[in-house]
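# sequence and predicted structure are below.
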Amino acid sequence: MPVVSEMVHPRGFDFKTQRKIVLLRKIFKLEWKQIAKQVKNLEGKRPRPRQCADYYKDFNFRLGRRLAKYQNCGCTPYKATKDVVQFLVGRLKKLRRTTPCSSATLQLELARAKGVKMSARHIRRVLGENGYKWLPRRQKRLYTKKQRKARMAFARGVLRMTKAELREKFSMAMDGSVIAVPPSDETERMNFTRRRE
């Protein structure tokens, strides 16, 4: 017969006590204060009524116990050790000067050099904890020399204009938006304004 074992917090309950809490609540309909007086935790002390209620709420009837997940408590980082973190930061500083450095690139470098398999998400988290973050890709357009020359000529021409010339030429342009003029016909104007609502 298989034996079920699980790591539980010292102030938690063993399997028998968990089942007793469920029995006292479900069958005998006792209040949480009364149940807390009848059970003891692994330290041999009386629990709080709220703790009994939490165990009852999380009790898994199919398994016959509450899943504690206490075995992962207090784990030390076994992949992102100080040596691995120093390696990632050092490679990032070196690679970003010569090539685009992504988390996938660092993932490959780490696997080759240290033999450590780490997800790209974990690498981003490690670097974020050390003050590094990826900036969004810039959205600036690239122009040819001819296009840049034409744009520069246009900008210089605008700067040479007087206030009256500016008002005449750019009176309807505001931040790239164009103000639409409603039609002169009354019916078309009503349709135009209803479309805009």
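Yep, it's here. Numbers count the residues shown, from 1 in each chain.

# please make it C-alpha for all contacts and neighbour counts, starting now.
Fine.

# CA atoms only: put the longest helix along the chain into CSV for me.
Using DSSP state H to define each element, the chain has its longest helix at helix 145-160. The C-alpha trace of helix 145-160 is given here as CSV (Å, rounded to 0.1, in the frame of the first residue of the first chain):
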residue,chain,number,x,y,z
LYS,A,145,20.5,61.4,-48.1
LYS,A,146,18.3,62.9,-50.8
GLN,A,147,15.2,62.8,-48.5
ARG,A,148,17.2,64.3,-45.6
LYS,A,149,18.4,67.1,-47.8
ALA,A,150,14.8,67.8,-49.0
ARG,A,151,13.5,67.9,-45.4
MET,A,152,16.3,70.2,-44.3
ALA,A,153,15.6,72.6,-47.1
PHE,A,154,11.9,72.6,-46.2
ALA,A,155,12.6,73.3,-42.5
ARG,A,156,15.1,76.1,-43.4
GLY,A,157,12.5,77.6,-45.7
VAL,A,158,9.9,77.6,-42.9
LEU,A,159,12.3,79.3,-40.5
ARG,A,160,13.0,82.1,-43.0
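
# give me the residues contacting that helix.
Helix 145-160 is contacted from outside by Leu166, using CA atoms under 8 Å, 6 or more residues apart in numbering.

# I'd like the next helix or strand past it.
As assigned by DSSP states H and E, the chain's next helix or strand after helix 145-160 is helix 163-169.

# in this structure Val89 contacts Leu127, no?
Yes. In this structure, Val89 is within contact of Leu127 by CA atoms under 8 Å, at 6.9 Å.

# just the strands in the protein please.
When assigned using DSSP state E, the strands of the chain occupy the ranges 59-60, 65-66, 173-174, 177-178.

# could you chop the protein up by domain?
The record's domain parsing of the chain by automatic domain parsing lists 15-72, 82-129.

# quick one, helices of the protein?
In the chain, the helices defined using DSSP H lie at 15-26, 32-38, 49-57, 82-95, 103-114, 120-129, 145-160, 163-169, 186-196.

# just the CA trace of the second one, in CSV.
Taking C-alpha atoms only, helix 32-38 is exported to CSV below (Å, rounded to 0.1, in the frame of the first residue of the first chain):
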residue,chain,number,x,y,z
TRP,A,32,-14.8,27.4,14.2
LYS,A,33,-14.1,28.4,17.9
GLN,A,34,-15.4,25.0,19.1
ILE,A,35,-13.4,23.1,16.4
ALA,A,36,-10.2,25.1,17.4
LYS,A,37,-10.6,23.9,21.0
GLN,A,38,-10.8,20.2,20.0
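
# what mean pLDDT does it have?
Averaged across helix 32-38, pLDDT comes to 95.

# list the buried residues in that helix.
Trp32, Ile35, Ala36 (16 or more other CA atoms under 10 Å).
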